[in-house]
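1. sequence first, then the predicted structure, then my questions.
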Amino acid sequence: MKLDPIATLQLQLARLPGIGPRSAARLAFYIIKTSQAQGKNANLAEDLAQSLLDVQKEVRLCRECQNLCTEEYCSICRDPRRDQSTLCVVEAVPDMQALEKSGTFRGLYHVLHGVLAPLEGVGPEELKLEYLLDRTKNKSVEEVIIATNANVDGDATALYLASLLEPQELRITRLAMGVPLGSELEYLDSATLSRALLERKDMVNT
Ligand SMILES: [Zn+2]
């Protein structure tokens with residue numbers, strides 16, 4: 001038996017984060033309505049479907065920093081003008097984009113794609129921390145700026161990372177105050193982020 005396509009679309013949309021059944025229904029009906037009408041959104045369903053297939057096919061992780069990109073290495077890793085000696089560790093790609101927008105940071109990044117959450121089964125292996133350690137060991141990295149979010153999970157991850165990196169005798173820093181407690185980088189304005197970077201604090205006394 002074939003499932004009702006309207007119900008199926010609602011179910012698929014409800015799988016997205018932050019979308020409950022009511023929002024899913026509203027979005028589904030909007031897509032259906034505009035796709036049957038004339039106007040600027042007439043091709044919405046087709047464009048959306050194509051876009052979803054394109055990202056699935058073309059987007060991958062940068063081999064160096066785990067950023068999302070369409071080539072083997074992302075544009076930041078490929079840029080020879082970036083400072084190879086500083087590595088900024090972030091939880092997610094939007095955090096990296098926020099830092100890039102602030103224009104203060106000229107080094108390289110490392111994207112964790114999460115934070116440590118042992119109760120949810122996210123440990124050092126899931127975050128591929130070994131790979132990060134290899135990266136700092138083998139490249140000419142002198143400072144690691146840990147820019148995980150200023151909340152409980154972000155702080156716990158930062159402390160764990162600092163302890164892992166400590167034997168490598170690097171400068172290990174954390175974004176300074178100015179990042180309000182509990183806040184997520186992605187939503188901070190550029191001026192606040194710039195200040196947090198410039199006033200970053202050493203996590204380990206070397
Ligand atoms: Zn990269």
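-> Arrived safely. Since the structure is predicted, the reported quantities are computational estimates derived from the model, not experimental observations.
2. would you map out the domains in the chain?
-> Listed domain ranges for the chain are 5-54, 82-202 (source: automatic domain parsing).
3. any idea which of those domains is most buried?
-> Sort those by mean neighbour count, taking mean count of other CB atoms under 10 Å, and domain 82-202 sits at the top with a mean of 17. Bear in mind the C-beta positions are built from the backbone N, C-alpha and C, glycine included.
4. endpoints of that domain, how far apart?
-> End-to-end distance for domain 82-202, by CA to CA, to the nearest Å: 22 Å.
5. contacts only, for the residue nearest the centre of the chain.
-> Central residue of the chain (CA atoms, centre = their mean): residue 92, 1.5 Å from the mean position. For residue 92, the contacting residues are 111-114, 186, by CB atoms under 8 Å, 6 or more residues apart in numbering.
6. restricted to strands, list those.
-> Secondary-structure check on the contacts of residue 92 using DSSP state E: residues within strands are residue 111.
7. can you lay out the domains of the chain as a markdown table showing distance to residue 66?
-> Shown next, in a markdown table, are those (distance: least, CB to CB, whole Å):
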| stretch | distance to residue 66 |
| --- | --- |
| domain 5-54 | 20 |
| domain 82-202 | 4 |
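8. for those, which one sits closest to residue 70?
-> Shortest distance between residue 70 and the domains of the chain, using CB to CB, is found for domain 5-54: 9.5 Å.
9. state the distance from residue 96 to residue 80.
-> Residue 96 is 19 Å from residue 80, where distance means CB to CB, to the nearest Å.
10. typo on my end, residue 20
-> Per CB to CB, residue 20 is found 47 Å from residue 80.
11. pLDDT at the residue nearest to the centre of the chain, what is it?
-> Here the pLDDT value assigned to residue 92 is 95.
12. next: residue 15.
-> 96.
13. what are the phi and psi values for it?
-> The phi/psi pair for residue 15 (degrees, to the nearest 10) reads phi -80, psi -10.
14. what do you get for the one 3 residues further on?
-> The main-chain torsion angles of residue 18 are listed as degrees, to the nearest 10 and equal phi 80, psi 0.
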